[in-house]
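In: fold the following, please.
(one chain, ligands or ions: 1)
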Amino acid sequence: MGGPVRDALLGRPIKDLDFCVEGDAPALAQRLAVELAGQTVVHPRFGTATVLAAGSRFDLVTARRETYAHPGALPRVTPSGIRDDLARRDFSINAMAIQLPGEPSEVLDHWGGLEDLRLGVVRTLHDKSFIDDPTRVFRAIRYEQRLGFRIDEKTLGHLKDAVDRGLVAALSPDRLRHEVERILEEENPRMALARCVDLGVLQAVHPALNDLDKLERLSVGAGSEPESPPGKPMVYLAALVSDLSAQEGEELIGRLNMPEGWRRTVRDSIRLRGMVDELNDDSLSPSGLVHLLEDVSVEAVTALELTSVDTVVKQGVHRFLTELRFVEPGLDGRDLLQLGVPPGPLLGRILSRLRDDVLDGRAATDAGRRRLVRRLVKDSMAETAGKPSSAEAIKDAGHG
Ligand code: ATP
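Out: Numbers count the residues shown, from 1 in each chain. Sure, this is the predicted structure:
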């Protein structure tokens, strides 16, 4: 039932199977797990269970009926039949089931889901659907954009009405974040985000989320959609927030009760925007690039690479991401101790200096690196002894 039936009818890949049981789903799940020599995870409070067997997983839910005490509240649930269970679904295309045992062609379809699949329409089951659960606003947009459908006109009217009445804005931070996260995880988040801006949905999350320039470029940056850059959801988040002020960023962090990884992405993306002038300098050395970018989250830097319109910035950031950030000093702490560097802060400073020289091509050989270390140690001892330092010695250490 639900998503898998929809996807099967559309010929799309099916993720997890969902089964609805008119009766005790956890009890059936346990019996199935025994039969299939698998395991179950039971949530008795919700009357649901997951069966893990033979390398696959599926969910069983007890057919139920839901009522809402007030808009945005979590539903009150009572056991019931399949018809009631399907009636609590968000959209007609998600409100279909196939009866077991039975023919796959016998689809239970009380709300015109088959017709809506044929027409390519996202339609709620009733007029108060978004009032009952305003997270459906995000869900409608996600399905519309993922499937290339359109939200039915009447449904769209109710959706806009829910946004205008502040029902999206009134959702709890965790529920809002969950919906934003699911959009960011879509294969093509840009389209869904753009639609959210069109409909004022992102603005209901934070008024400053009203500009999609960066996201537009994110997709143009590498074909129709970036080929899943690592950490793609966070790359999209970084692009989405990069033009916010630091204060707006903090407001958004609070608004969505962001976990640490999200917070870092938001703060770094905003901070990175402030570094663009420095990065837009073709005389910037590789070590200079690394010093600027090494403690910025990779997702924020990736978003900058994909969205920047400055060739110098784009190329520098690309080089950092693909090459410079992996450069090692060429010698490690043990080598330095063997070369007579005393344990302590000097060791760290010399390693960092070594890496800079390797990055900038000044310490290309092992012999040159070792000579540099010895001179730096000598230099430091001379400084400690109050003698003038031999800066020149360091400068040409690499040519050997
Ligand atoms: P996806 O491919 O995004 O996972 P899905 O259809 O499997 O899509 P889920 O969010 O996993 O979506 O939800 C499973 C099913 O539960 C949906 O198909 C829908 O019928 C129902 N559902 C989920 N969230 C809601 C909601 N907020 N209101 C009503 N029904 C919902």
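In: going forward, measure contacts and count neighbours with C-alpha atoms only.
Out: Will do.
In: verify the stated contact: residue 273 with residue 244.
Out: No. Assessed by CA atoms under 8 Å, residue 273 is found out of contact with residue 244, at 9.5 Å.
In: for the stretch 301-400 of the chain, which spans come out with low pLDDT?
Out: Along the stretch 301-400 of the chain, segments meeting pLDDT under 70 span 385-400.
In: do the same with the stretch 51-200 of the chain
Out: Along the stretch 51-200 of the chain, segments meeting pLDDT under 70 span 71-72, 102-105.
In: neighbour count winner among residue 273 and residue 244?
Out: residue 244 (20 against 17; other CA atoms under 10 Å).
In: ok, now which ones touch the spatially closest residue to residue 298 that is not a sequence neighbour?
Out: Using CA to CA, 6 or more residues apart in numbering and skipping the chain neighbours, the partner closest in space to residue 298 is residue 321 (7.7 Å). For residue 321, the contact set (CA atoms under 8 Å, 6 or more residues apart in numbering) comprises 298, 301, 302.
In: so which of those comes closest to the ligand?
Out: Of all the contacts of residue 321, the ligand sits closest to residue 302, with 25.8 Å by CA to the nearest ligand atom.
In: so what's the residue count around the closest residue to that closest one other than its chain neighbours?
Out: Distance criterion CA to CA, 6+ apart; nearest residue to residue 302, sequence neighbours excluded, is residue 235 at 6.5 Å. For residue 235, the count of nearby residues is 27 (other CA under 10 Å).
In: quickly find the element holding residue 235.
Out: Applying DSSP states H and E as the criterion places residue 235 in helix 232-241.
In: and that helix, what does it pack against?
Out: Secondary-structure packing of helix 232-241 (3 or more CA pairs under 8 Å, 6 or more residues apart in numbering; DSSP states H and E): helix 173-184, helix 213-220, helix 260-273, helix 298-307.
In: now the shortest one: average pLDDT?
Out: Rounded to a whole number, the mean pLDDT of helix 213-220 is 69.
In: show me what that helix is packed up against.
Out: helix 189-198, helix 232-241, helix 298-307.
In: identify the residues contacting stretch 337-344?
Out: When contacts are defined by CA under 8 Å, 6+ apart, stretch 337-344 is touched by residues 347, 370, 373, 374, 377.
In: just the CA atoms of it, as PDB, please.
Out: Below are the C-alpha coordinates for stretch 337-344, written out as PDB (Å, rounded to 0.1, in the frame of the first residue of the first chain):
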ATOM      1  CA  LEU A 337      61.800  14.100  16.500                       C
ATOM      2  CA  GLN A 338      64.500  12.100  14.800                       C
ATOM      3  CA  LEU A 339      65.800  15.300  13.200                       C
ATOM      4  CA  GLY A 340      66.100  16.800  16.600                       C
ATOM      5  CA  VAL A 341      62.900  18.800  16.900                       C
ATOM      6  CA  PRO A 342      61.900  19.000  20.500                       C
ATOM      7  CA  PRO A 343      58.400  17.700  21.400                       C
ATOM      8  CA  GLY A 344      56.100  20.700  21.800                       C
END
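In: tell me the residues of this structure that contact the ligand?
Out: Within the chain, the residues that sit near the ligand (CA under 6 Å from any ligand atom) are 2, 3, 88, 89, 90, 94, 95, 135, 136.
In: hang on, residue 50 in a strand?
Out: Yes. Counting by DSSP: H, G, I helix; E, B strand; the rest coil, residue 50 is part of a strand.
In: tell me the spacing between the residue nearest to residue 298 and residue 360.
Out: 16 Å (CA to CA, to the nearest Å).
In: how's the chain carved up into domains?
Out: 206-326, 333-396 (automatic domain parsing).
In: which of those is buried the deepest?
Out: Greatest average neighbour count among the domains of the chain goes to domain 206-326 (a mean of 18), per mean count of other CA atoms under 10 Å.
In: how distant is that domain from the center of its chain?
Out: Between the centre of domain 206-326 and the centre of its chain there are 13 Å (CA atoms, centre = their mean, to the nearest Å).
In: that older thread, next secondary structure after the helix holding residue 235?
Out: The first helix or strand that comes after helix 232-241 along the chain, using DSSP H and E, is helix 246-255.
In: would a markdown table of the helices and strands packed on helix 232-241 with distance to residue 66 be doable?
Out: Converted to a markdown table, the helices and strands packed on helix 232-241 look like this (distance: least, CA to CA, whole Å):
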| stretch | distance to residue 66 |
| --- | --- |
| helix 173-184 | 18 |
| helix 213-220 | 38 |
| helix 260-273 | 33 |
| helix 298-307 | 40 |
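In: closest one to residue 353 among those helices?
Out: For residue 353, the closest of those is helix 298-307, at 22.8 Å, according to CA to CA.
In: packing partners of the closest one?
Out: Counting contacts by 3+ CA pairs under 8 Å, 6+ apart, helix 298-307 is packed against helix 213-220, helix 232-241, helix 260-273, helix 311-322.
In: quick one, which of those helices gets closest to residue 58.
Out: Closest to residue 58 of the helices and strands packed on helix 298-307 is helix 232-241 (CA to CA; 25.6 Å).
In: and the helices and strands packed on helix 213-220: which comes nearest residue 118?
Out: Closest to residue 118 of the helices and strands packed on helix 213-220 is helix 189-198 (CA to CA; 21.3 Å).
In: tell me which residues in stretch 27-38 are buried?
Out: For stretch 27-38, the neighbour count (16 or more other CA atoms under 10 Å) marks 27, 28, 29, 30, 31, 32, 33, 38 as buried.
In: many thanks, we can stop here.
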